[in-house]
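>>> sharing a sequence plus its predicted fold:
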Amino acid sequence: MEEEKEIRDFIRGALEKEPEIEKEPVEKKESIPEKEPAEKPTFKKASEEEEEVKKEAEKVEKIPSKSGKVERLFSLAESRGLLKAIQIALKTGDAYTIDTFRDQLAEGERYKKYL
């Protein structure tokens, strides 16, 4: 029994005692220059996006020829992306322009060019 008490005291003492750690001097390393933060992307507010689509749709509506409207939408698809061109087409409210644009996109899988 005396032995058990000694063992418990030894273990308890070992657990309570903080280990001694030899501290070595830390070498100073050359500091790596921090990169300049990249420009934060600017995101437009939804209302600004809607206003932009509305203005572009008005420009498309003013084009006198029906084929000219569709060609303008393809031009917008190239410069601003297919999604934006579709949004503009829908905003015009012109069923002929929307249908023709959609049909020409589907023809020969032309839409893949803009993805």
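In hand now; what should we look at?
>>> just give the number of residues close to S67.
Here the number of neighbours of S67 (other C-beta atoms under 10 Å) works out to 11. Placement of C-beta: from N, CA and C, glycine included.
>>> any idea where the helices of this protein begin and end?
Listed in chain order, the helices of the chain (DSSP state H) span 2-16, 46-61, 66-80, 82-92, 95-106.
>>> next, the angle helix 95-106 makes with the second one.
Right, the one you point to is helix 46-61. 100 degrees (axes from the mean of the first three to the mean of the last three C-alpha atoms, to 10 degrees).
>>> tell me the buried residues in helix 46-61?
Residues of helix 46-61 classed as buried: 53, 56-57, 60 (neighbour count, 16 or more other C-beta atoms under 10 Å).
>>> kindly report the same for the shortest one.
Under the neighbour-count criterion of 16+ other C-beta under 10 Å, helix 82-92 has 82, 84-89, 91-92 buried.
>>> including pLDDT and distance to R102, could the buried residues of helix 46-61 go into CSV?
Below are the buried residues of helix 46-61 laid out as CSV (pLDDT from 0 to 100; distance: C-beta to C-beta, whole Å):
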residue, pLDDT, distance to R102
V53, 93, 17
E56, 95, 18
A57, 95, 16
V60, 95, 15
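>>> which of those residues lies closest to Y96?
Of all those, Y96 sits closest to V60, with 12.2 Å by C-beta to C-beta.
>>> show me the contacts for the closest one.
V60 is in contact with 69, 72-73, 88-89, 92, 97, counting by C-beta atoms under 8 Å, 6 or more residues apart in numbering.
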